[in-house]
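K.L.:
Generate a structure from the sequence data that follows.
(2 chains)
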Number of protein chains: 2
Amino acid sequence: MSRVSSGLWQNLIVVQVYGANTGVGKTIFSTLLGSHFTKRAGKTRWNIDYIKPVSTGPSDEADERYVRKYAGHPVSTLFKFDEPVSPHVAARNSDYIPSDDVLNQRLSAKLKNHASACAMGRGEIGVSIIETAGGVLSPGPSGTPQADIYRPLRLPTVLVADHRLGGISSTISAAESLIVRGYDIDAVVCFDDQSKLENSIYLQEYFGKRGISAFVVPWIPDLADCSEQEETRRMGGYYDRGTRAGYMYQVAGHIVTRHVERLKKMKNMASRTRKAIWHPFTQHKSIEKADDVLVFDSAYGDFFQVKHTNKSMQTIDHKAATPLLYPAFDGSASWWTQGLGHGNPQLSLAAAYAAGRYGHIMFAGATHEPALTLAERLLAGMENTRLTKCFYTDDGSTAVEVGIKMALRAACKRYDWDGSTEDIGLLGLKGSYHGDTIGAMDASEPCVYNKKVDWYRGRGYWFDYPTVKMRRGRWIVEPPAGMEADFGPEHSFESLNDVFDNEARGYSPRYEQYIMAVLDTLVKKEGRKFGALVMEPIILGAGGMIFVDPLFQRTLVRVIRNYEFAPVPSPTPPDETTWTGLPILLDEVFTGLYRLGRFSAASFLAIHPDISVHAKLLTGGLLPLSATLASASIFDAFLGDEKADALLHGHSYTAHPIGCHVANTSLQEMEVLSSGAVWDRYRRGWAKDVTAIKVHRRDREKDTSVWSMWSKDLVDRLSHHESVDSVVALGSVLAVSLVDKKGSGYTSTAAVSLREALLTDHAIGGISVHSRVLGNVIYLMASMNSRPAHLAQVEAALLLKLDFVSGRVPG
Amino acid sequence: MSRVSSGLWQNLIVVQVYGANTGVGKTIFSTLLGSHFTKRAGKTRWNIDYIKPVSTGPSDEADERYVRKYAGHPVSTLFKFDEPVSPHVAARNSDYIPSDDVLNQRLSAKLKNHASACAMGRGEIGVSIIETAGGVLSPGPSGTPQADIYRPLRLPTVLVADHRLGGISSTISAAESLIVRGYDIDAVVCFDDQSKLENSIYLQEYFGKRGISAFVVPWIPDLADCSEQEETRRMGGYYDRGTRAGYMYQVAGHIVTRHVERLKKMKNMASRTRKAIWHPFTQHKSIEKADDVLVFDSAYGDFFQVKHTNKSMQTIDHKAATPLLYPAFDGSASWWTQGLGHGNPQLSLAAAYAAGRYGHIMFAGATHEPALTLAERLLAGMENTRLTKCFYTDDGSTAVEVGIKMALRAACKRYDWDGSTEDIGLLGLKGSYHGDTIGAMDASEPCVYNKKVDWYRGRGYWFDYPTVKMRRGRWIVEPPAGMEADFGPEHSFESLNDVFDNEARGYSPRYEQYIMAVLDTLVKKEGRKFGALVMEPIILGAGGMIFVDPLFQRTLVRVIRNYEFAPVPSPTPPDETTWTGLPILLDEVFTGLYRLGRFSAASFLAIHPDISVHAKLLTGGLLPLSATLASASIFDAFLGDEKADALLHGHSYTAHPIGCHVANTSLQEMEVLSSGAVWDRYRRGWAKDVTAIKVHRRDREKDTSVWSMWSKDLVDRLSHHESVDSVVALGSVLAVSLVDKKGSGYTSTAAVSLREALLTDHAIGGISVHSRVLGNVIYLMASMNSRPAHLAQVEAALLLKLDFVSGRVPG
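P.N.:
Model (predicted):
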């Protein structure tokens, strides 16, 4: 597993030495650095450890003898291969190919041991020098480029420059490959061969301008035609000078300084944050001390690298060996955004490409390839014949506001209402939430998020509805409390698939009757005016991960599309893509783009909305971008002779190329996941009939399967837990509703305690999980490419810690 | 100048051959490709041109003889240096060092000539093969890495892989350096040396997975100990096979295909855009044909690369030689966002670093380095003792909404109002505009942007004010029409510096009296309640680039801070950072962060607002991010025992690391510009007293200068133009108000005609300028590092085309 801590210890300085190419002097620099630390003057006792994670061929063995000879220390080689070729070729012919995870774990263990040993020797500072093989991106045993392999550890790096002809280029390119992968380069080291090439002069200036220190060390003695004795003498002298020379004090001093700065930063980041940062959705009164702020040093794949707090350290046994950072599974998909894991190098490079090709493009009346491609991709992916236009904004909230503006204009124009003076409301569902800007807030009923916002005025009516959940091993559709008369009694299903079997369930006359009655009261009796139905398909996210009965949403849309909200002054014959009744706006910000396993969440309902809103997963979890898709009959409402008739909305960075290109890359990658074999593991786990999976593989359009990345077994077990009221899971979402003993105050602390236990109790459960709660609901959300093994660990931790928090297991 | 067209022609295929390192076979591949095209079967007549922009040393001359010998074509070398070292070293010892611009212009001219020649020979397709020197980032004669030098041309590239040990790493890194700079790699070519290294096998798979085609060509014949005759025979045979062999048909065919696809895409992008894209702020009825959509292929530095339309082509003399793209100066700073030019490689790498290190970090209760550093940087840069907290959102509009929520809560709490039922308005200025979301819209009076938005309800009162402008050579402060009684008569100033001389101008009792009278009517007489003053300092942007008299804004703030808007139920003694009267919110989204020449626009007014809003330039023109800064007395209003007391606002990508890190990089770079010598050129041009500039250089805090990147001479000349009503300029902003002959309909078409003429009339004026208009105002805005030479060209074009549009010069 790449579940390793990033390598940062109090008393251990780690230097990962990369070369701009092979043969640039990595071993010589490592030896110089090691022997310098060992023999330099001063009170500090330096404890040096050399590690070569992978070595190939006899010359690598010679390197080891070499280091031992001149620096006086052995080299720990973790994996050795005989053939003098790239590790990926050498490994293929060997008995055992260590995986990237095994490599990292072994390296991590080695570093921990060294940190531990240094902690035993009083006052010792450890230095671990890790020599990589070949160039920055040379493949490791598994074939993965080594800078990608070691990325979870994100060790501080030194890059040894290439002194040869062409070396300026290869050195800068190698540095860029490290930077693109989120590495910090502590130093570039240039061997000065005093040739006419002057690489070191150029590189010092180049990197200096970019805030990276480059150091020059003298050229290696000429050993041509040397006797072994003479070679030993010359090289011995060379290394000996390095223990005293200013250039080595500079390099080594700089490495130490960077380490100290890193520690200092780690130490005071939380308190500086408390001073300068106003957090989103946070009651600052509850952030009483610096430890209440989580410090993230980096993130990779499924894991954040979180700074240990005093509290989390308490649960650790062997503190000296423990890195200052620990990996925490990103269990909220970083606020529901992650699709392809953190620090994904492909997305990082995609962002850089678009930045390099365009920067930003003013989008009014203009176009560029990433925006156009993305619009077409979204419109096609929705498989909704109504949607023909794509409007870009920056986040879910702005995209919903645009959708509302679209719907209101279309409705007001059709029904000849004056929206600037008349109150035009929206229809929606209770507990819905569509964003934090005032307009998006107004589309929801009063709730904890908006009730104290001074300009908030809920504008509309919000329906009750039955909900889907598993309770005590049974999938049920439950009517709202006390409304059995309207919605019928609780209804039980054999499987989640059956709940979503639109064909079998058809339409519900009972729901229809209820909805009609409500509409008649609102429209006919009270004379209220409505401009749209705005709702989140399937799951109401911020409202508490509420799963709505799909049959209710389907029925609601059908009734509204057939209802007469006002007489139409000048009716035109509609074609099949024209909206009727009211425009239907589906807010798929959270549920769309594969979050629930399919491109569009609307497909679960077999509804074709007139307006569809997308964000979050759109960029795979990298940066903000959103899209509002609309039908021609919505778009046409804005055509007119005056500019003021147009949709006069447009943020400066509308359709910024970086976001659009990253979104294209990310959607393409998720499409590969969707049509490939990876998700079949989950599909099989949830299938009523396994043969259905094969049909899906042959013909993607027939994917009517309903599945989750969280196991059926977990959901079942949770649903039987005494502290659990009910559970739901779909796609990468799992939501656990804890028992709500009203008045006892137990509930909310139960969810919060569980969240805390998942994050910080390292002593039990093995994996640390960062999660979020919504009232009495704790939810988990994975990236769409989270590793099954990580998910299994998280599931085990959840069950264990739920017991622990519920008092069934002693802590 | 880097004002060259990107290299795309109908009948000319351009291939820029880069090497992953020196000595990887660029010349051999170029020869293979050239001889293949020349001699391959088929009806097409291929016209090959070899260009070596820079060559050094005798071996490069040998390369030229070599190409001539085996491919039968001469090599055009543009710049030749004798020494066999990197061009930047060789050039230093030569008589002449061509600048990057000269290099690009010569290369561009060469390509144009070839395109032209091919157009003469009927049915000929040209192929220009451009061989670079050394590795991808090897320095050119000027010292700039060559991939940066040639970036304005953005030619399609072929990367020749490195077959040696370490070559996998250097090849991928070289590719990444090209990608980060926005290049398209048409093909990677691997010479297969059939060694155990298997580089070509690895690279084909690696690039294939990433959508880049990699091709394998056979290894070069062994020429060791060959006679010249034998060498000729062997190599002749090698190249000869290349004219017939499948592998060369594949490579060459792929290059042709990519060219054809590029042309096709260029051709249909506009019509596809019309189909799928809903543009921001655009009346689509006026986009009647595909030609009305501007197609941007890329952008670099000051220039967009725009596709020629039929209309723009009409003004071109020599069509065959003309590339399909033309460079247009980005004259709106890409909707006011650009700070450091398009495609800036430093920002591109910064974006990639943060993406690689973090991806995204969930920011509620958490922190990461880029967000923290940026918050501290912004708070320090404002030099406003009140501001202590930074809240992040995604764009100017959301940041303003947050600011409004902050102010309203603070005011309602202080005055014990219930904002959820009472109408709490804002105070502001007429013509202001704060964003497109409903809440931000409600902060402005009804105008063209919002009046037809159904949910818009202007909530507040908007003051009249005097404006600053130059008319007929005189700087004046002009009262609003018909309000001389309130504001006094027109007032004239010797210089713009004098207008901003806060000390000399003091406060205005007349303004004060007027403001008091208005407030008394609103508050005392009508009993209205207000929660904040919300205004853009100095310039009202979207409202029409209106320059407000700074004295009025200063006076307004002073009066409001001293006014009693309501009795305070439980007054607490304020310290000097506590807001009084009403919270003052300055919307610096457009005017802040150096747009007007200083970090904060508030510094022109010497006002310390309680809330300050920033976006646009924040990320130097790369991607969306915004910040709302607030004082402790605002922040404290949200502390409470309940979560609902907190500011419950927070978009998913709040404080996304990429945006924050790019912002840090960008602000640092602008700080360098601000404290360096570059802007002194402008400061001197506008200074009353040149010695003042030196003071500034010694002590940045004393920068009280008022200057523009647009020349004083231009502003003066424009102000005398018969078609011009008035002009203003400050920082990188120039706004020209055209004469408004009401009723004649002349005006708006005048601004639009001028905009059109600036963009497309290539026959006159030399430089093409992309600009935007606001009613009868045409404005120009530069990046903060736009080249003075480009600005001079734009100024000349503006004067010329203004004459042309005004009918004073025949077209």
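
K.L.:
Next up, the contacts around the spatially most central residue of chain A.
P.N.:
The residue lying closest to the centre of chain A (CA atoms, centre = their mean) is A:Gln338, at 3.3 Å. Going by CB atoms under 8 Å, 6 or more residues apart in numbering or on different chains, A:Gln338 touches A:Asp330, A:Leu617, A:Gly620, A:Gly621, A:Met781, A:Ala782, A:Ser783, A:Met784, B:Gly359, B:His360. Using the backbone N, CA and C atoms, a C-beta is placed for each residue, glycine as well.

K.L.:
Closest one to B:Ser213 out of those residues, please.
P.N.:
The nearest member of the contacts of A:Gln338 to B:Ser213, counting by CB to CB, is A:Gly620 at 24.3 Å.

K.L.:
For B:Val217, see how far away the closest residue to A:Phe500 other than its chain neighbours is.
P.N.:
Distances taken as CB to CB, 6 or more residues apart in numbering or on different chains put A:Val706 closest to A:Phe500, at 4.8 Å, once the chain neighbours are dropped. To B:Val217, A:Val706 is 50 Å away according to CB to CB, to the nearest Å.

K.L.:
coming back round to it: from A:His614, how far out is the residue nearest to the centre of chain A?
P.N.:
For A:Gln338, the distance to A:His614 equals 16 Å [CB to CB].

K.L.:
Please identify the buried residues of the longest helix that chain A contains?
P.N.:
Longest helix in chain A by number of residues, with DSSP state H as the criterion: helix A:246-276. By 16 or more other CB atoms under 10 Å in any protein chain shown, the buried positions in helix A:246-276 come out as A:247-249, A:251-252, A:255-256, A:258-259, A:262-263, A:265-266, A:269-270, A:272-274, A:276.

K.L.:
Is chain B within reach of the very next helix or strand once past that helix?
P.N.:
Downstream of helix A:246-276, the first helix or strand assigned by DSSP states H and E is strand A:294-300. Yes. Contact of strand A:294-300 with chain B (CB under 8 Å from any CB of the partner chain) involves A:Leu294, A:Val295, A:Phe296, A:Asp297, A:Ser298, A:Ala299.

K.L.:
Just the CA trace of whichever helix or strand comes after strand A:294-300, in CSV.
P.N.:
Going down the chain from strand A:294-300, the next helix or strand is strand A:303-307, by DSSP H and E. This file holds the C-alpha atoms of strand A:303-307, laid out as CSV (Å, rounded to 0.1, in the frame of the first residue of the first chain):
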residue,chain,number,x,y,z
PHE,A,303,-4.1,9.9,1.6
PHE,A,304,-3.5,13.3,3.2
GLN,A,305,-0.2,13.7,5.0
VAL,A,306,-1.3,15.2,8.3
LYS,A,307,0.8,16.7,11.0
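
K.L.:
Show me what secondary structure element comes after strand A:303-307.
P.N.:
Next along from strand A:303-307, by DSSP H and E: helix A:310-314.

K.L.:
And what about the spatially closest residue to A:Arg474 that is not a sequence neighbour, helix, strand or coil?
P.N.:
Leaving aside its sequence neighbours, A:Arg474 sits nearest to A:Ser492 (CB to CB, 6+ apart; 5.3 Å). Of the three states, A:Ser492 takes strand under DSSP: H, G, I helix; E, B strand; the rest coil.

K.L.:
The helix or strand that A:Ala627 is a member of vs helix B:246-276, what angle?
P.N.:
Assigned by DSSP H and E, A:Ala627 falls within strand A:626-631. Orientation of strand A:626-631 against helix B:246-276 (axes from the mean of the first three to the mean of the last three CA atoms, to 10 degrees) gives an angle of 70 degrees.

K.L.:
Is there proximity between the longest helix of chain A and chain B?
P.N.:
Yes. Using CB under 8 Å from any CB, helix A:246-276 reaches chain B at A:Lys265, A:Met269, A:Ala270, A:Arg272, A:Thr273, A:Lys275, A:Ala276.

K.L.:
Which secondary structure element of chain A has the lowest mean pLDDT?
P.N.:
Using mean pLDDT, DSSP states H and E, the weakest-scoring helix or strand in chain A turns out to be helix A:691-698, at a mean of 54.

K.L.:
Would you mind identifying the next helix or strand past that one?
P.N.:
Toward the C-terminal end, the helix or strand that comes next after helix A:691-698 (DSSP H and E) is helix A:712-719.

K.L.:
Check which helices and strands that next one sits against.
P.N.:
Using 3 or more CB pairs under 8 Å, 6 or more residues apart in numbering or on different chains; DSSP states H and E, the elements in contact with helix A:712-719 are strand A:467-471, strand A:724-730, strand A:733-738, helix A:788-805.

K.L.:
hmm, 6 Å instead?
P.N.:
Helix A:712-719 sits against strand A:467-471, strand A:724-730, with contacts defined as 3 or more CB pairs under 6 Å, 6 or more residues apart in numbering or on different chains; DSSP states H and E.

K.L.:
where does A:Ser108 land in three-state SS?
P.N.:
helix.

K.L.:
Give the burial count for it, as a bare number.
P.N.:
Neighbourhood size, A:Ser108 [other CB atoms under 10 Å in any protein chain shown]: 18.

K.L.:
Okay then, goodbye and thanks.
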